[in-house]
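Chemist: When you get a sec, could you give me coordinates for this:
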Amino acid sequence: MKKVTIKDVAAASGISIRTVSRVINNDPNVKKETREKVQAVIEELGFSVNMIARSLKEKRTNQIVVFIDQRQGVYWGAYHNEILVELQRLVKSKNLRMLISASSPDSFEEDENDGFYLVKHGLCDGAIIFDPQVGDKRIEYFHERKIPFAVIGKDNSHYETSYVDLDNKYAGYLGAKYIYENGFVHFAFLLGNEKSVVNQERAEGFRQFCNEKQLTNPVIFGLTDLESSYRATLKLINDVSGVQTIFVSGDERALGVYRALAENGVKIGEDIGILGIDNLKMGQYLFPALSTIDQPKAEIAETALQLLIEQIERKDVSAKRIMIMPTIVERESI
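Modeler: Numbers count the residues shown, from 1 in each chain. Predicted structure coming up:
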């Protein structure tokens with residue numbers, strides 16, 4: 001069966017090859033009736049664009065890869081999902097395509113099923129990397145090959161990395177300050193992987209405020225999922241007497257905290273306060289609704305994509321480091 005070409009579409013629709021090409025490339029200046037006519041012929045003939053051939057010709061694939069830490073097979077959580085939804089919306093509006101790939105900051109293996117295979121073979125224009133860690137192998141890979149990329153998080157190892165990040169040190173400080181100003185002096189901070197730059201900075205800010213007020217409140221790492229959050233909370237309330245508030249790095253982890261407290265007859269918002277970080281949509285549906293520190297997901301996604309596009313379009317663009325300030329979202333859990 002003969003392969004349908006753009007010439008066939010032009011002949012069948014009675015429209016020039018140039019205009020058909022503009023329709024295929026979503027040129028906004030094409031008239032609506034012309035676009036509809038060409039699209040109808042494309043569907044009737046079963047025409048499809050050879051994306052690999054186009055990318056070789058144009059030296060652009062209009063495709064990006066988003067790398068997320070695979071977290072020992074857990075991959076990503078609700079925070080990542082909300083960012084990804086925003087990224088997908090933005091990517092679509094710019095006529096780009098987005099592929100999501102699990103990855104590891106410690107090591108990675110290239111195979112035909114992950115994003116690094118596309119990067120290696122020039123089948124994407126660049127990447128966005130989530131959750132960098134100290135000595136992140138993914139970042140080293142992109143720098144060595146001079147491939148455009150942007151980070152959601154912070155890279156403290158390379159001055160030339162463009163990233164957008166919440167001011168996580170201030171987030172830790174702000175959370176401790178908010179709890180203290182609500183009348184509580186005995187509180188703990190629960191965080192994820194200690195190797196994470198985000199968690200290190202949040203812990204640093206928390207400790208700074210506690211030192212200023214001469215408090216010795218604990219910082220507990222290792223909450224990697226709901227189960228570990230649940231277990232850590234049980235241990236905390238059994239081992240440490242008089243805990244008035246639990247500050248949780250990540251709203252999703254707060255689900256495990258809520259469960260542990262409910263099983264022990266502890267009333268959240270009355271017997272003990274809970275403060276999260278992320279301002280996930282689910283937080284307002286917990287009972288009582290979760291007080292939290294906001295990360296503006298739409299702004300983070302838009303900034304990260306813009307940083308990447310600037311590098312793709314201009315090879316000589318300077319690295320940018322954009323920090324977003326956290327804010328308190330008050331609800332009923334404190």
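Chemist: All the helices of this protein, residue numbers only.
Modeler: Ranges of helices in the chain, per DSSP state H, are 6-13, 17-24, 32-45, 51-58, 78-93, 115-120, 137-145, 168-181, 197-212, 226-239, 254-263, 297-313.
Chemist: can you redo those as CSV with distance to Ile128?
Modeler: (Glycine included, C-beta is placed from N, CA and C.) Output for those, formatted as CSV (distance: least, Cβ to Cβ, whole Å):
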stretch, distance to Ile128
helix 6-13, 32
helix 17-24, 26
helix 32-45, 31
helix 51-58, 19
helix 78-93, 7
helix 115-120, 10
helix 137-145, 11
helix 168-181, 18
helix 197-212, 16
helix 226-239, 26
helix 254-263, 26
helix 297-313, 5
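Chemist: Need the winner for burial among the ones you listed.
Modeler: Highest mean neighbour count of the helices of the chain: helix 168-181, a mean of 22 (counted as mean count of other Cβ atoms under 10 Å).
Chemist: list the helices and strands that helix packs on?
Modeler: strand 187-190, helix 197-212, strand 245-248, strand 273-278, strand 291-294 (3 or more Cβ pairs under 8 Å, 6 or more residues apart in numbering; DSSP states H and E).
Chemist: next one: that helix to chain centre, how far?
Modeler: Remark: helix 168-181 is offset 22 Å from the chain centroid, using Cα atoms, centre = their mean, to the nearest Å.
Chemist: Tell me which residues are up against it.
Modeler: Helix 168-181 has contacts (Cβ atoms under 8 Å, 6 or more residues apart in numbering) with 154, 187, 189, 197-198, 201-210, 213, 215, 217, 245, 247, 273, 275, 277, 293, 325-326, 328, 334.
Chemist: now the helices and strands packed on helix 168-181 in JSON lines, with distance to Gly14 and mean pLDDT?
Modeler: Output for those, formatted as JSON lines (distance: least, Cβ to Cβ, whole Å; pLDDT from 0 to 100):
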{"stretch": "strand 187-190", "distance to Gly14": "67", "mean pLDDT": "98"}
{"stretch": "helix 197-212", "distance to Gly14": "57", "mean pLDDT": "96"}
{"stretch": "strand 245-248", "distance to Gly14": "63", "mean pLDDT": "98"}
{"stretch": "strand 273-278", "distance to Gly14": "54", "mean pLDDT": "98"}
{"stretch": "strand 291-294", "distance to Gly14": "55", "mean pLDDT": "98"}
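Chemist: Could you list the low-confidence segments of the stretch 101-250 of the chain?
Modeler: By pLDDT under 70, the low-scoring segments of the stretch 101-250 of the chain are 107-113.
Chemist: Show the end-to-end separation of stretch 313-329, please.
Modeler: 38 Å (Cα to Cα, to the nearest Å).
Chemist: still on that earlier bit, nearest to Tyr79 among the helices and strands packed on helix 168-181 would be which one?
Modeler: strand 273-278 (4.9 Å; Cβ to Cβ).
Chemist: Direction included, what does that closest one pair up with?
Modeler: strand 245-248 (parallel), strand 291-294 (parallel) (DSSP bridges).
Chemist: mind putting those strands in JSON lines, mean neighbour count included?
Modeler: JSON lines is the format used below for the strands paired with strand 273-278 (neighbours: other Cβ atoms under 10 Å):
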{"stretch": "strand 245-248", "mean neighbour count": "27"}
{"stretch": "strand 291-294", "mean neighbour count": "24"}
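Chemist: Out of those strands, the one nearest Lys3 is which?
Modeler: Taking the strands paired with strand 273-278 one by one with Cβ to Cβ, strand 291-294 is closest: 52.0 Å.
Chemist: quick one: contacts of that closest one?
Modeler: 171, 174-175, 251, 273-280, 283, 326-334.
Chemist: what about Ser21, distance to Thr327?
Modeler: Distance, Ser21 to Thr327, by Cβ to Cβ, to the nearest Å: 47 Å.
Chemist: go on, Leu286?
Modeler: Taking Cβ to Cβ, one finds Leu286 at 19 Å from Thr327.
Chemist: The two: who's more crowded?
Modeler: Counting neighbours by other Cβ atoms under 10 Å for Leu286 and for Thr327 shows that Leu286 has the greater number, 20 against 13.
Chemist: Contacts only, for that one.
Modeler: Counting by Cβ under 8 Å, 6+ apart, the residues that Leu286 touches are Ala254, Leu255, Tyr258, Ser333.
Chemist: try 10 Å this time
Modeler: Contacts for Leu286 (Cβ atoms under 10 Å, 6 or more residues apart in numbering) come out as Asp251, Ala254, Leu255, Tyr258, Ile268, Ile274, Gly276, Leu280, Thr292, Arg331, Glu332, Ser333.
Chemist: In contact with Val243, which residues are there?
Modeler: 184, 186-188, 217-218, 233, 236-237, 266, 271-273.
Chemist: Check Lys297 too.
Modeler: 79-87, 152, 278-281.
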